[in-house]
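Undergrad: just need the structure, nothing else, for what follows:
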Amino acid sequence: MQNIKVRWWNSFNILGILMMVLGICGFVFKGKFVFDPGRAALGYEPALYLVTGGLMFINAWLTPTPVLPDKAKAQSKSVVSAGNSAEGKNG
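TA: Down below sits the predicted model:
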């Protein structure tokens with residue numbers, strides 16, 4: 001099985017940081033920082049922002065790094081050559 005590296009700095013991390021900052025500011029300013037205009041405040045909006053930020057970090061951790069085209073060609077050539085040498089030994 002191929003080893004997949006994880007991208008640590010991607011858009012999910014940026015959004016996660018933003019959501020966490022908004023959630024923390026919401027708790028510091030007691031819900032007056034985070035609100036939906038035109039709607040009644042429910043009181044738990046900052047917690048929703050913190051949970052969403054945490055989910056973004058989990059999503060960032062689960063996002064694999066795409067294989068670059070040059071590396072993909074090199075890996076496919078090594079797999080093909082290994083397969084050919086294995087066939088030669090068995091055949």
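
Undergrad: how many neighbours does Pro37 have?
TA: 4 (other CB atoms under 10 Å). Just so you know, the C-beta spots here come from the backbone N, C-alpha and C atoms, and that holds for glycine as well.

Undergrad: likewise for Phe29?
TA: Neighbour tally, Phe29, other CB under 10 Å: 11.

Undergrad: tell me the pLDDT of it.
TA: Note on Phe29: pLDDT of 87.

Undergrad: for Asn3, same thing?
TA: For Asn3, pLDDT reads 56.

Undergrad: test my guess that Phe12 contacts Phe57.
TA: Yes: using CB atoms under 8 Å, Phe12 makes contact with Phe57 at a distance of 7.2 Å.

Undergrad: Met19: what's it in contact with?
TA: Met19 makes contact with Tyr49, Leu50, Thr52, Gly53, Met56, according to CB atoms under 8 Å, 6 or more residues apart in numbering.

Undergrad: try Asn10
TA: By CB under 8 Å, 6+ apart, the neighbours of Asn10 are Ala60, Thr63.

Undergrad: could you redo the last one with a cut-off of 6 Å?
TA: Ala60 (CB atoms under 6 Å, 6 or more residues apart in numbering).

Undergrad: cool, and Ala41?
TA: Ala41 makes contact with Gly31, Phe35 under the criterion CB under 6 Å, 6+ apart.

Undergrad: part of a strand, is it?
TA: No: the assignment for Ala41 (DSSP: H, G, I helix; E, B strand; the rest coil) gives coil, which keeps it out of a strand.

Undergrad: pull up the gap between it and Ile17, please.
TA: Going from Ala41 to Ile17 by CB to CB, to the nearest Å gives 24 Å.

Undergrad: in the helix or strand hosting Ile24, what's buried?
TA: In this structure, Ile24 sits in helix 11-28 according to DSSP states H and E. Within helix 11-28, the residues scored as buried using 16 or more other CB atoms under 10 Å are Phe12, Asn13, Leu15, Gly16, Met19, Met20, Leu22, Gly23, Ile24, Gly26.
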